[in-house]
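Undergrad: 3D, please:
(chains A, B and C)
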Amino acid sequence: MAKVRGAIVVDTVTCKGCSLCVVACPTDVIELAVDVNAKGYNYAYMKNPDACTGCANCAMVCPDSCITVYRVKAEAAV
Amino acid sequence: MSIEIKDIIKPENLVYQKSSLLTDRVMHYCPGCSHGVVNRLIAEVIEELGIQNETIGVTPVGCSVLLYNYIDVDWHEAAHGRAPAVGTGIKRLRPDRYVFTYQGDGDLAAIGTAETIHACNRGENIVMIFINNGIYGMTGGQMAPTTLQGMNTSTSPFGRDLARDGNPLKMTEIVAQLPGTCYVTRQAVHTAAAVRKTKKALFKAFENQKLNKGTSFVEVVSTCSSGWKLTPVQSNKWMEENMFPYYPLGDLKDK
Amino acid sequence: MKGNEAIAEAAIRCGVDGYFGYPITPQSEIMETLMLLRPWETTGMVVLQAESEIASINMVYGGAGCGKKVMTTSSSPGVSLMQEGLTYLAGAELPCVVVNVVRGGPGLGTIQPAQSDYFQSTKGGGHGDYNLIVLAPSSVQEMADFVELAFDLAFKYRNPAMILTDGMIGQMMEKVEMKPFKPRWTNEEIEQLSPWSTTGKSAARERNIITSVELDPLAFETFNKKLQAKYRKMEQEEVRFETFECDDAEYLLVAYGSSARICQKSVQLLRAKGIKAGLLRPITLFPFPTKQIAELAGQVKGILSVELSAGQMVEDVRLAVNGKVKVEHYGRMGGMVHSPEEVVEALEKKIIGG
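TA: Okay, the predicted model is just below:
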């Protein structure tokens, strides 16, 4: 089955580190960073980018519209 | 054979992005607040229905008092509790416009009870959005009409006392009895699935307005992590265990 | 035609878009008349009975924010309920018309006429520094004419305007000449006339926000200064009043509305007794004819302010006169109405004899 690969871009400036996306992700891709943004929030980032399927659950639950989601059908391994 | 991240992040692979109707103002809500999600959904629904230039929103007094800074439509700021009356005034004089009100539990179910019930009873052709987090967030976490029994707030520090404060008010059940309401539903935004259902409910509400079917009333049971003194994730869990039993989700009416 | 009915008829004729009201004696005839005339079938005017005066004034807020000509009417206790709405309307700079057919207060009071809402109307009954444009009709003809005048001023200054009348003029029947029908503004006209209004955010403009909240103190002070400048401008340009036999007057009566009608008779009685009295009738209670009263104060020996109240406008008269001559008040309360003779006696006793 063609594997679907996704990726997210987090607006780390706006992110308030609420971690709702972390728990919403079905494949545990996201985690809060150790370092913080200008407001002092630990922003979200892709800890396991390979596991991302682009399902956009994280973006669904984000109260501050910080997450942009991309998805592509990866060709079957040749 | 794995693909480089940078190959995925390309415009043609875009699946989801921030709605164009949301301004670039950073929302003042606390981290993890449901208001942010519902604000975002409203922007998405208006954008996808293509009715930006036909929509007039009414903001309340409460945490979302600055809502008009976030969604790029025309707005009226109503006095505390008066949004349904303001919305009535707008809709009656501009029936060709989509009108929606956005209120918290204190606004809609305490001071604005009469306005809420009578707007619904007249079947005003507007969408009423009701954010129920059982607390007065903006003013620092006081008890609201929907505060649950035993729930601690700054004005019920030892928990809501039914003998003194009465029972939490189920406003959605009340308006569902009124013939004027055509669609009454209670949703939440604590999971991705719930968010998608809430969005669908909002779509239906605006659709009803277009078809002049009467008042659409969408309650969103919400969290208030700062008021409840829990983290956003804990708040969701607490909401599921405590709010949902008393405020069950689902459609109460769909004419 | 009754005063109240004249307001309803005049509203329809001058192109009012919406009326939101709530029953209260002595002004229910206004909404009753509107409901009977069914203007929604002719001019398209919306007429809706609300669940309370609070709802009514906020429906007016909604309509006014869309640039529509909207109004409400009530009587003293109901207008007290509208004070929150009025200060929001002033703070959001929204034009609209509110009619107060005053009845005796305080509290539930009486349904008899009175003028005891002067302070509430002219000094801002709600919170914050603001003023309403306040017009005081003293005849059924003026009840009709002032509806259009109130709207013109309200839109000229983007400010709520109040017609302050009383139960007597509301219930009184007199001949009225009605102006011809003026069409309601189309939505396109509104976008030109009131570009600030919420007509639906088109690509051509920024979104319009009708609000009175401003959390930044400096910005809010700037806004308050803008409001105050508006009120000063009104004081320069919109003062309206009428004088009666003032040219050679040695004594002056100041009265508005129904009290002014009575005082006109008193002036005649006084002159018959050889006392040269005159009457100044403020038509705009805000902006108050301060300058004109000050001028007359230089010419007369004393001034009697005559109101159906414990004496409210008398304070503004004293401010205008600034101590130049004696200023006293006379007036019945509780819904009682003074007779011309009582006013004559009061002038003789309080001013001449004093």
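Undergrad: Write out the residues of the stretch 101-250 of chain B neighbouring chain C.
TA: B:Ala114, B:Glu115, B:Ile117, B:His118 (CB under 8 Å from any CB of the partner chain). Bear in mind the C-beta positions are built from the backbone N, C-alpha and C, glycine included.
Undergrad: which among those residues gets closest to chain C?
TA: Closest to chain C out of these is B:His118 (3.9 Å), distances taken as CB to the nearest CB.
Undergrad: now the helices: where do they sit in the stretch 1-150 of chain C?
TA: Taking DSSP state H, counting those that start in this stretch to define them, one finds helices in the stretch 1-150 of chain C at C:3-13, C:28-37, C:39-42, C:53-65, C:76-81, C:83-91, C:118-122, C:140-157.
Undergrad: Pull the most distant pair out of the residues of the stretch 101-250 of chain B next to chain C.
TA: B:Glu115 and B:Ile117 (7.6 Å; CB to CB).
Undergrad: Of all the helices of the stretch 1-150 of chain C, which one is nearest chain A?
TA: Of all the helices of the stretch 1-150 of chain C, helix C:53-65 comes closest under CB to the nearest CB, at 27.8 Å.
Undergrad: how much does the closest one deviate in direction from helix C:28-37?
TA: 60 degrees (axes from the mean of the first three to the mean of the last three CA atoms, to 10 degrees).
Undergrad: Which strands and helices lie in contact with helix C:53-65?
TA: Applying 3 or more CB pairs under 8 Å, 6 or more residues apart in numbering or on different chains; DSSP states H and E, we find helix C:53-65 packed against strand B:74-77, helix B:83-93, helix B:113-121, strand C:18-21, strand C:70-74, helix C:76-81, helix C:83-91, strand C:96-102.
Undergrad: can you put those in TSV and add mean pLDDT, mean neighbour count and distance to A:Val10?
TA: Compiled in TSV, these are given as follows (pLDDT from 0 to 100; neighbours: other CB atoms under 10 Å in any protein chain shown; distance: least, CB to CB, whole Å):
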stretch	mean pLDDT	mean neighbour count	distance to A:Val10
strand B:74-77	97	26	29
helix B:83-93	98	31	34
helix B:113-121	97	22	38
strand C:18-21	98	28	48
strand C:70-74	98	29	47
helix C:76-81	97	21	50
helix C:83-91	98	23	40
strand C:96-102	97	29	47
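Undergrad: out of the ones you listed, which comes closest to B:Pro157?
TA: helix B:113-121 (25.0 Å).
Undergrad: now the closest one: how far from the chain's centre is it?
TA: 17 Å (CA atoms, centre = their mean, to the nearest Å).
Undergrad: B:Leu202 is in contact with B:Asn208, correct?
TA: No. The pair B:Asn208 / B:Leu202 is not scored as a contact, 10.6 Å apart, by CB atoms under 8 Å.
Undergrad: Show me whatever sits in contact with both of these two.
TA: Common contact partners of B:Asn208 and B:Leu202 (CB atoms under 8 Å, 6 or more residues apart in numbering or on different chains): B:Val127.
Undergrad: Looking at those two now, which is surrounded by more residues?
TA: When neighbours are counted by other CB atoms under 10 Å in any protein chain shown, B:Asn208 and B:Leu202 differ, and B:Leu202 comes out ahead with 25 against 21.
Undergrad: Which of the three states applies to that one?
TA: Assigned by DSSP: H, G, I helix; E, B strand; the rest coil, the conformation of B:Leu202 is helix.
Undergrad: before we move on, what about B:Val15?
TA: Here B:Val15 is recorded as strand under three-state DSSP.
Undergrad: One more: B:Cys182?
TA: Three-state assignment for B:Cys182 (three-state DSSP): strand.
Undergrad: quick one, what contacts whichever residue of chain B sits closest to chain A?
TA: Scanning chain B for the residue nearest chain A gives B:Gly36, at 2.7 Å (criterion: CB to the nearest CB). Neighbour list for B:Gly36: A:Cys62, A:Pro63, A:Asp64, A:Ser65, B:Met27, B:Tyr29 [criterion: CB under 8 Å, 6+ apart].
Undergrad: mind checking how far C:Phe244 is from chain A?
TA: As judged by CB to the nearest CB, to the nearest Å, C:Phe244 and chain A stand 68 Å apart.
Undergrad: Quick check: that residue touching C:Gly278?
TA: Yes. If you go by CB under 8 Å, C:Phe244 and C:Gly278 touch, sitting 6.4 Å apart.
Undergrad: Could you tell me which residues touch both of those two?
TA: Taking CB under 8 Å, 6+ apart as the criterion, C:Phe244 and C:Gly278 both touch C:Val267.
Undergrad: if you count what's nearby, which of those two comes out ahead?
TA: C:Gly278 (23 against 16).
Undergrad: so for the helix or strand where that one lies, what's the average pLDDT?
TA: Per DSSP states H and E, C:Gly278 falls inside strand C:277-282. With pLDDT averaged residue by residue, strand C:277-282 scores 98.
Undergrad: Now do the helix or strand following it: everything it contacts.
TA: Counting by DSSP H and E, the element after strand C:277-282 in chain order, helix or strand, is strand C:284-286. Applying CB under 8 Å, 6+ apart, the contact partners of strand C:284-286 are C:118, C:121-122, C:131-136, C:164, C:231, C:234, C:238-241, C:256, C:313.
Undergrad: Does anything pack onto whichever helix or strand comes after strand C:284-286? Which helices or strands?
TA: Downstream of strand C:284-286, the next assigned helix or strand under DSSP H and E is helix C:290-297. Packing partners of helix C:290-297 (3+ CB pairs under 8 Å, 6+ apart): strand C:251-254, strand C:277-282, strand C:302-306, helix C:313-321.
Undergrad: hmm, back to that, so what are the sheet partners of the strand holding C:Gly278 and their directions?
TA: Sheet pairing of strand C:277-282 (DSSP bridges) gives strand C:241-244 (antiparallel), strand C:251-254 (parallel).
Undergrad: Is it correct that A:Asp64 is in contact with A:Lys16?
TA: Yes. A:Asp64 lies in contact with A:Lys16 (CB under 8 Å); the separation is 6.1 Å.
Undergrad: returning to what we had before: return the one helix or strand the residue of chain B closest to chain A maps to as PDB; C-alpha atoms alone will do.
TA: Using DSSP H and E, B:Gly36 sits in helix B:34-49. In PDB, the C-alpha atoms belonging to helix B:34-49 read as follows (Å, rounded to 0.1, in the frame of the first residue of the first chain):
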ATOM      1  CA  SER B  34     -11.500  26.300  23.800                       C
ATOM      2  CA  HIS B  35     -12.500  29.800  22.700                       C
ATOM      3  CA  GLY B  36      -9.500  29.800  20.400                       C
ATOM      4  CA  VAL B  37     -10.700  26.600  18.700                       C
ATOM      5  CA  VAL B  38     -14.300  27.800  18.300                       C
ATOM      6  CA  ASN B  39     -13.100  31.300  17.000                       C
ATOM      7  CA  ARG B  40     -11.000  29.400  14.400                       C
ATOM      8  CA  LEU B  41     -13.900  27.200  13.400                       C
ATOM      9  CA  ILE B  42     -16.200  30.200  12.900                       C
ATOM     10  CA  ALA B  43     -13.600  31.800  10.600                       C
ATOM     11  CA  GLU B  44     -13.300  28.500   8.600                       C
ATOM     12  CA  VAL B  45     -17.000  28.000   8.200                       C
ATOM     13  CA  ILE B  46     -17.600  31.600   7.100                       C
ATOM     14  CA  GLU B  47     -14.600  31.300   4.700                       C
ATOM     15  CA  GLU B  48     -15.800  28.000   3.200                       C
ATOM     16  CA  LEU B  49     -19.300  29.300   2.800                       C
END
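Undergrad: I'd like the distance from it to the chain centre, please.
TA: Per CA atoms, centre = their mean, the centroid offset for helix B:34-49 relative to its chain is 10 Å.
Undergrad: List the buried residues in that helix.
TA: Under the neighbour-count criterion of 16 or more other CB atoms under 10 Å in any protein chain shown, helix B:34-49 has B:34-47, B:49 buried.
Undergrad: what's the closest non-adjacent residue to B:Asp251?
TA: Nearest-residue entry for B:Asp251: B:Thr185, 4.5 Å, with adjacent residues in sequence omitted and distances by CB to CB, 6 or more residues apart in numbering or on different chains.
Undergrad: The one you found - that's part of a helix, no?
TA: No. Applying three-state DSSP, one finds B:Thr185 to be strand, outside a helix.
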